[in-house]
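[1] quick one, fold the following:
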Amino acid sequence: MEIIIITGASKGIGQELYKQFTESGAMVYGLARTNPDRLQRMEEVDITDFGKTSNIVKTIIHRHMDEAKSFTLINNAGVIDPIDMVGSLDSEEIEKAVKVNLTAPIHLINTFIATLVDFSGEKKVLNISSGAGRNAYEGWSIYCTTKAGLDHFSRVVALEQQQSENPVGIVSIAPGIIDTGMQETIRSSSEEQFPHLEKFIAYKEQGQLSSAAETASKLLKFINKTNFIETETIADIRHFS
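    Numbers count the residues shown, from 1 in each chain. The predicted structure follows:
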């Protein structure tokens, strides 16, 4: 049995990954603040409640340890706010973004690795990163920084796992530009907050955004076909489609 754990699973890419992995026959668990579609095996939890989310992951793993052939953790939850220039950022939004985009995945990966240390089956972590973690954009200082941090944390984990008898494979992947609520948030900002605004409005108007379903399908194929131990830790889904 294939066990999949997805954060941010109630909307966007996360919801599509949940649905498509379920349709493929995997046992899928979602973590999200809300569950408007009443999906099964969806844990309603604030991803920044680190103790609670870690306990949920431990419980899921222990429940299936004897029957699972593989475990996969997908850190998908993320926020784009605050969008603004440094000097005009809201302190509470800074703290929330760092917790959601970086601290929460670190806690969950730490728990995932520790709980599965003696599991000899396949173990994968997929972090949904962004090209913004690899390129600087004015107005996205916190988003760029947290995604860059997630990429570099993934590099360190990959190095450490080379020494493990039962290694966890980890990849931090940029999913491309997708037509989700995050893009709506970007388009609702101002040029003063985000100088690249017109470019992102044009992406929508010119039909250049990928759908969440299309992106999830590519990610599912990537997860199923890729040896996470041998592949590059930092990836872009557009290079695999």
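[2] C-alpha only now, for contacts and for neighbours.
    Fine.
[3] show the contacting residues for the residue nearest to the spatial centre of the chain.
    Residue closest to the mean C-alpha point of the chain, counted by CA atoms, centre = their mean, is Asn76 at 2.2 Å. Contact analysis of Asn76 by CA atoms under 8 Å, 6 or more residues apart in numbering lists 6-9, 13-14, 127-128.
[4] how about the strands of this protein, start to end?
    2-7, 27-32, 42-44, 70-75, 122-128, 169-174, 234-236 (DSSP state E).
[5] now the angle between strand 169-174 and the longest one, please.
    So that's strand 122-128. Interaxial angle of strand 122-128 relative to strand 169-174 (axes from the mean of the first three to the mean of the last three CA atoms, to 10 degrees): 20 degrees.
[6] can you check the first one too?
    Inter-element angle recorded for strand 2-7 and strand 169-174: 40 degrees (by the same axes, to 10 degrees).
[7] which intervals of the chain have sub-threshold pLDDT?
    Within the chain, the stretches with pLDDT under 70 are 36-37, 241.
[8] tell me which of the strands of the chain is the most buried.
    When those are scored by mean count of other CA atoms under 10 Å, the highest mean neighbour count falls to strand 169-174 (a mean of 25).
[9] any residues touching it, and which ones?
    Against strand 169-174 from outside (CA under 8 Å, 6+ apart): 123-131, 150-151, 154, 157-158, 161, 227-229, 231-237.
[10] repeat the analysis, applying 6 Å as the threshold.
    The contact list for strand 169-174, computed with CA atoms under 6 Å, 6 or more residues apart in numbering, reads 124-131, 151, 228-229, 233-236.
[11] for stretch 39-51, same thing?
    Contacts of stretch 39-51 (CA under 6 Å, 6+ apart): 29-34, 99, 104.
[12] gap between the two ends of it?
    Taking CA to CA, to the nearest Å, stretch 39-51 runs 23 Å from one end to the other.
[13] all helices of the protein, in order?
    Assigned by DSSP state H, the helices in the chain fall at 12-23, 50-64, 91-98, 104-115, 141-161, 181-187, 197-205, 212-225.
[14] turn these into JSON lines, columns for mean neighbour count and distance to Met85.
    Below are these laid out as JSON lines (neighbours: other CA atoms under 10 Å; distance: least, CA to CA, whole Å):
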{"stretch": "helix 12-23", "mean neighbour count": "21", "distance to Met85": "27"}
{"stretch": "helix 50-64", "mean neighbour count": "16", "distance to Met85": "29"}
{"stretch": "helix 91-98", "mean neighbour count": "15", "distance to Met85": "12"}
{"stretch": "helix 104-115", "mean neighbour count": "19", "distance to Met85": "25"}
{"stretch": "helix 141-161", "mean neighbour count": "20", "distance to Met85": "8"}
{"stretch": "helix 181-187", "mean neighbour count": "16", "distance to Met85": "14"}
{"stretch": "helix 197-205", "mean neighbour count": "14", "distance to Met85": "13"}
{"stretch": "helix 212-225", "mean neighbour count": "16", "distance to Met85": "29"}
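[15] reformat those as TSV; add distance to Glu44.
    Formatted as TSV, these follow (distance: least, CA to CA, whole Å):
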stretch	distance to Glu44
helix 12-23	13
helix 50-64	10
helix 91-98	18
helix 104-115	15
helix 141-161	24
helix 181-187	19
helix 197-205	31
helix 212-225	21
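[16] which of the contacts of stretch 39-51 lies closest to Glu214?
    Closest to Glu214 out of the contacts of stretch 39-51 is Gly30 (19.4 Å), distances taken as CA to CA.
[17] could you pull up the residues touching that closest one?
    5-7, 9, 42-43.
[18] relative to Lys218, which of those residues is nearest.
    Set against Lys218, the nearest of the contacts of Gly30 by CA to CA is Ile6 (15.8 Å).
[19] ok, that closest one touching Thr72?
    No - assessed by CA atoms under 6 Å, Ile6 is found out of contact with Thr72, at 8.4 Å.
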